[in-house]
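> Here you go, sequence then predicted model.
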Amino acid sequence: MTLLLAIALAASPLQTAKAHLDKGQLDELPFDFEGQTLKAAEKAEAVKLLAAATQAALQKKDDDLALLLAQTALKLEPKSPVALEAAGRAAFSHQAFEMAERYTDAWLSVEPSSGAAHQLRAELAAEAGEWDRVLQHTKDLDSPGARALRARAEREKTQRADAITSLKGFEKALAEARKNPLPKSEAPRPMAEARTSDVVLYSTSWCQYCKTARQWLTRKGVSFTERDIETDPDAMRELAQKAAAAGVEATGVPVIDVKGKLIVGFDASAIEQAM
């Protein structure tokens, strides 16, 4: 009887997952629960294990594994705040911002009074430059992080008038470029003729996604030229001409020229594919 009980415990997916977590074998955990039927209490425990594994993967800078672990937890308990938090943080670290926003919004829907959820949503809003949303989510928080986010939001909002002026200038330059396109001899080179290292980041100083793109390119070791369309009229005209020639709707920044292919907004996978 004792032997049978030991075998049963050894076969438990929770026990197996815990052993893998203790040993740091994080990539084994998703398979531990694959095809398993768990009771409600077991699902809750499994979600906690997967959330802990997600955190461990994030500490190891393995964003892909962290996201896989968190999404495995969500398959077990789609409305679990523990799973949604893990998924939101993993997606944020992975720079999958829209996904992170969806997970965090879902977390807030099941835990509307969670200060941690509001702060994470404020951090995501700051990445998007949504300063009113930052203020909305931090108004009742008193943590150092929340106070810093509020101060940053107030500071950035004071620069919004300049930002709007800059974008209006770009829209005007784009409209002019569409009316008066450059001759073919002066048009931007097609992708096939561009050098492999040709990467141009069109940005402004206040754009949060521009900052994210800049950091990502630097971290990946990509050589690039940055041109600020707010302070450099030639950069604004150049981008407008490129957008008009490519038939691309570029209504803001960042715009990244990768070997002649224009990528509007920050999209890591699109940049990698273009390179």
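Here it is on my side, so go on.

> contact partners of whichever helix or strand residue 88 is part of?
Using DSSP states H and E, residue 88 sits within helix 81-93. Contact with helix 81-93 is made by 47-48, 50-51, 54-55, 57-58, 63, 66-67, 69-71, 73-74, 76-77, 97, 99-100, 103-104, 106-107, 110-111, 114, 116-117, 120, 123-124, as judged by CB atoms under 8 Å, 6 or more residues apart in numbering. Where you see a C-beta, it was placed from the backbone N, CA and C, and this is true even at glycine.

> hmm, try it at 7 Å
With contacts defined as CB atoms under 7 Å, 6 or more residues apart in numbering, helix 81-93 is touched by 47-48, 50-51, 54, 58, 63, 66-67, 70-71, 73-74, 77, 99-100, 103-104, 106-107, 110-111, 116, 120, 124.

> Could you tell me which of the residues you listed count as buried?
Buried members of those, counted by 16 or more other CB atoms under 10 Å: 47-48, 50-51, 54, 58, 63, 66-67, 70-71, 73-74, 77, 99-100, 103-104, 106-107, 111, 116, 120, 124.

> The residues you listed in strands, which ones?
Using DSSP state E to define strands, no part of those is located there.

> what about stretch 73-80, distance to the chain center?
Taking CA atoms, centre = their mean, to the nearest Å, one finds the center of stretch 73-80 at 21 Å from the center of the full chain.

> average model confidence for it?
Averaged across stretch 73-80, the pLDDT comes to 95.

> doesn't residue 200 fall inside a strand?
Yes. The assignment for residue 200, made by DSSP: H, G, I helix; E, B strand; the rest coil, places it in a strand.

> and the gap between it and residue 108?
38 Å (CB to CB, to the nearest Å).

> cool, residue 70 as well?
From residue 70 to residue 108 the distance is 17 Å (CB to CB).

> try residue 116
10 Å.

> burial of residue 140, as a residue count?
10 (other CB atoms under 10 Å).

> what kind of secondary structure is it in?
Going by three-state DSSP: residue 140 is coil.

> can you tell me which residues contact it?
Per CB under 7 Å, 6+ apart, neighbours of residue 140: none.

> Residue 100 versus that one, what's the distance?
Residue 140 is 22 Å from residue 100, by CB to CB.

> Repeat that for residue 16.
Taking CB to CB, one finds residue 16 at 30 Å from residue 100.

> got it, and residue 43?
For residue 43, the distance to residue 100 - CB to CB - is 24 Å.

> all helices for this protein, in order.
2-10, 13-22, 29-32, 40-59, 63-76, 81-93, 97-110, 115-128, 131-138, 144-157, 160-179, 208-219, 233-246, 268-274 (DSSP state H).

> and the angle for the fourth one with helix 81-93?
This means helix 40-59. Orientation note: helix 40-59 sits at an angle of 20 degrees relative to helix 81-93 (axes from the mean of the first three to the mean of the last three CA atoms, to 10 degrees).

> Great, nothing more from me.
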